[in-house]
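Novice: Here's a sequence, model it:
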Amino acid sequence: MAVLVEGYSIIINKKEALQNTQVQEALQSVGAELYPGAVCADQDLLRIGFLKLDEMQAFWKQLLQAGMKERIEVNGEEQAGDMVMLTQYGELEVLCPWLTVTFQKTKDNLLVCMASLKGSAAAQKAAFPKGWTADQSILRQFHDDRMHYMEENYDRIGEESTFYRFREKGGDKVVKLLKLYYSEPEQL
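Specialist: Sure thing, here's the model as predicted:
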């Protein structure tokens, strides 16, 4: 299986992290404070999603204080420990060899980022938060906020079926933004 990645997400490798009783207690103590759709899990991963970066960072610090490993060094290379930060656009801050990140189109053409434990059974099925709907999701709110930011600071210069292309206003920097829904490109 795989877990849906929304907004700013903390992905926890359950096999490693949940062996620590302090981590289990930390997750239980703050679980009630989380947005109802913030959590989803499969047999391997626990995903906690946030709309705001500062809220995710505060929760991240609580997990570190409980004994979770943010990063480890393997053969002189820094890698994710038993948790990693990931955005719904597939952005990682550190190499994470235990995680596979893919993008999939749902039956209603919604484009979603999925995370699965590398080497786990086929990630064709996915875990979504209980009662999840696209219209009321972190996924939609995060996308709408990012799109608004892009339209204020960048000029839209094109699109493909899965993403928009923008150029920084007054600059040469070109960036892509994953669409919320798969669609054929509009001609600009």
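Novice: Would you map the strands across the protein?
Specialist: Applying DSSP state E to the chain gives strands spanning 2-5, 8-13, 39-41, 45-50, 71-74, 77-80, 83-87, 99-105, 111-117, 126-127, 154-159, 163-168, 174-178.
Novice: okay if I get these as a markdown table plus distance to residue 19?
Specialist: C-beta: built from backbone N, CA, C; applies to glycine. A markdown table is the format used below for the strands of the chain (distance: least, CB to CB, whole Å):
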| stretch | distance to residue 19 |
| --- | --- |
| strand 2-5 | 19 |
| strand 8-13 | 10 |
| strand 39-41 | 16 |
| strand 45-50 | 13 |
| strand 71-74 | 15 |
| strand 77-80 | 17 |
| strand 83-87 | 13 |
| strand 99-105 | 18 |
| strand 111-117 | 15 |
| strand 126-127 | 21 |
| strand 154-159 | 45 |
| strand 163-168 | 39 |
| strand 174-178 | 34 |
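Novice: Output the ones you listed as TSV; include the columns mean pLDDT, mean neighbour count and distance to residue 24.
Specialist: Below are the strands of the chain laid out as TSV (pLDDT from 0 to 100; neighbours: other CB atoms under 10 Å; distance: least, CB to CB, whole Å):
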stretch	mean pLDDT	mean neighbour count	distance to residue 24
strand 2-5	94	27	18
strand 8-13	94	23	11
strand 39-41	88	18	13
strand 45-50	92	24	11
strand 71-74	91	11	20
strand 77-80	93	15	20
strand 83-87	94	23	14
strand 99-105	91	16	21
strand 111-117	92	22	19
strand 126-127	86	20	19
strand 154-159	94	16	43
strand 163-168	94	17	39
strand 174-178	92	15	34
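Novice: Counting residues, which helix of the chain comes out longest?
Specialist: For the chain, the helix with the greatest residue count under DSSP state H is helix 138-153.
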